[in-house]
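> after the sequence you'll find the predicted model.
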Amino acid sequence: MSEKIKLGISMGDPNGVGIEIILKIFEDERMFDFFIPIIFAPIKLLERQKQHFNFTTNLFLVKDMKNLCNGKLNVHNIKMLEGELVFGQYSEAAGLLAFESINEASTALKEGKVDALVTSPINKKTIQSEDFSFPGHTSYFADFLNGESLMFMISDELKVALVTDHIPVKEISDQITTDLLKKKIHQLEYSLKYDFDINRPRIAVLGLNPHMGDRGVIGNEEDKIFLPVIKELSEKGLLVFGPYAADSFFGNQRHLNFDAILASYHDQGLIPFKSLTFGEGTNFTAGLNKVRTSPDHGTAFEIAGKGVAEVSSFRSAMYMARRIFSNRKKNQNFIEFD
């Protein structure tokens, strides 16, 4: 794929490492061979951080989204709000700015003014408001785009999706139902086919309980929900297998036999994913009619402002967004979203 895409970028929490990473990435002019980037942020803030880090990134203030500049980081300007911004600090002002950036960027995505969107990390506490009352980006975009989202962690070597994502551990068992498990398996298979061009994907499903419940001694979800669903879908032709005990699945490298793994809950999937791929992984919100990705790390307040933030995961998220957009464009006659 040689075509450039218009890539929207939200700035994330300005007290974190997001802006540093974005400016650092586009110091490399080769990135403009693949992207026409548009960051949604106050240009005064970008200039301030550019000076702080002594970057030379070329910025272009956008006056009309139809007239973007090749070879520069386009800036869709957001009004600078009152309030002190300090690297590494929790701040209401930072949360408000982070929301304004996401709101402007997601609107551009929804209206087709950008082809895909990469979101920078937010602080889930300071961004909370009447306008943003979500546990994270995934549920926000499902609501904003009126879709059914699937949290999907991806790298070249490993793909892990989640049945449940940002909910308290004590609620996981009640959330997992026959209908939800079926829906997530179908969403995962669909994404593997049309977002990643895998014709007959093989999917492994991890059980919920230790040792898959030990025949009801530790829990019965595997017997009552997982096994019947997997049997039914297998009989309908899906290549879905399991449930597998999560504690040994990755250690003995069984994940290498599958195109993707469906984990029951957040930490069951993300601990092995980040252990095996950290710095190269991407968070992809599958199941929606628009492409949104993000890096596999957070705001990293502890290193914010020090100039040492790694760009690899954010860069991977950019390339993955481009790849998925390209695959969807190729497969557009076959794609349907609820």
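Received the coordinates, thanks. Being a predicted model, the structure only gives us computed values, none of them experimental.
> wait, Thr57 touches Phe26, no?
Yes: using Cβ atoms under 8 Å, Thr57 makes contact with Phe26 at a distance of 5.0 Å. From N, CA and C alone the C-beta is placed, and that goes for glycine too.
> higher neighbour count, those two?
Between Thr57 and Phe26, counted using other Cβ atoms under 10 Å, Phe26 has the larger neighbour count: 23 against 18.
> give me the contacts around stretch 88-100.
Identification of contacts with stretch 88-100 by Cβ atoms under 8 Å, 6 or more residues apart in numbering yields 10-16, 40-42, 45, 78-85, 122-123, 125-129, 131-132, 301-302, 304-305.
> mind listing which of those residues are in helices?
Taking DSSP state H, the ones among the contacts of stretch 88-100 that sit in helices are Leu45.
> quick revisit: which neighbours do Thr57 and Phe26 share?
Both Thr57 and Phe26 are contacted by Leu73, under the criterion Cβ under 8 Å, 6+ apart.
> can you give me the distance of Gly83 to Lys125?
For Gly83, the distance to Lys125 equals 16 Å [Cβ to Cβ, to the nearest Å].
> ok, now Phe273?
Per Cβ to Cβ, Phe273 is found 24 Å from Lys125.
> more crowded one of the two?
Each of Phe273 and Lys125 has its neighbours counted (other Cβ under 10 Å); Phe273 has more, 24 against 8.
> which stretches of the stretch 51-200 of the chain have low pLDDT?
Applying pLDDT under 70 to the stretch 51-200 of the chain flags no residue at all.
> show me where it has helices.
92-110, 137-144, 172-175, 178-194 (DSSP state H, counting those that start in this stretch).
> what comes up buried for the third one?
Translated: helix 172-175. Across helix 172-175, burial judged by 16 or more other Cβ atoms under 10 Å covers Ile172.
> who's in contact with that helix?
By Cβ under 8 Å, 6+ apart, the residues outside helix 172-175 that reach it are Val163, Thr164, Ile167, Leu208, Gly219, Glu221, Ser264, Tyr265.
> inside strands: which ones of those?
The members of the contacts of helix 172-175 all map outside strands under DSSP state E.
> nearest to Gly287 among those residues?
When the contacts of helix 172-175 are compared for distance to Gly287 (Cβ to Cβ), Val163 wins out at 12.7 Å.
> now the two most distant members of the contacts of helix 172-175.
Pairwise distances across the contacts of helix 172-175 peak at 17.5 Å for Ile167 and Gly219 (criterion: Cβ to Cβ).
> before we move on, the earlier item: show me how to select, in ChimeraX, the buried members of the contacts of stretch 88-100.
Per 16+ other Cβ under 10 Å, the buried members of these correspond to this ChimeraX selection:
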select :10,11,12,13,14,15,16,40,41,42,45,78,80,85,122,123,126,127,132,301,304,305
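> in strands, which of the contacts of stretch 88-100 fall?
Judged by DSSP E, the contacts of stretch 88-100 include Ser10, Phe40, Ala41 as members of strands.
> how close does the residue nearest to Gly279 when sequence neighbours are not counted get to Leu276?
With Cβ to Cβ, 6 or more residues apart in numbering as the criterion, Gly279 has its nearest non-adjacent residue at 4.8 Å, and that residue is Ser312. Ser312 sits 15 Å away from Leu276, going by Cβ to Cβ.
> try Ser91
34 Å.
> contacting residues around Gln51?
Gln51 neighbours (Cβ under 8 Å, 6+ apart): none.
> re earlier: looks like the residue nearest to Gly279 contacts Gly281 (just checking).
No: counting by Cβ under 8 Å, Ser312 does not reach Gly281; the two are 9.5 Å apart.
> bridging residues for the residue minimising distance to the centre of the chain?
Nearest residue to the geometric centre of the chain (Cα atoms, centre = their mean): Asn283, 2.8 Å. Beta-bridge partners recorded for Asn283 (DSSP bridges): Met153, Ser294.
> spit out the contact partners of it.
Applying Cβ under 8 Å, 6+ apart to Asn283 gives the contacts His137, Thr138, Met151, Phe152, Met153, Thr293, Ser294, Pro295, Asp296, Ala317.
> how many other residues sit next to the closest residue to the first one other than its chain neighbours?
To tie it back to what came earlier, the one meant is His137. Nearest residue to His137 in three dimensions, chain neighbours excluded: Thr119, at 5.3 Å (Cβ to Cβ, 6+ apart). By the measure other Cβ under 10 Å, the count of residues near Thr119 is 28.
> please report how far Thr119 lies from Phe40.
With distances taken as Cβ to Cβ, Thr119 is found 10 Å from Phe40.
> do the same with Leu262
Distance, Leu262 to Phe40, using Cβ to Cβ: 33 Å.
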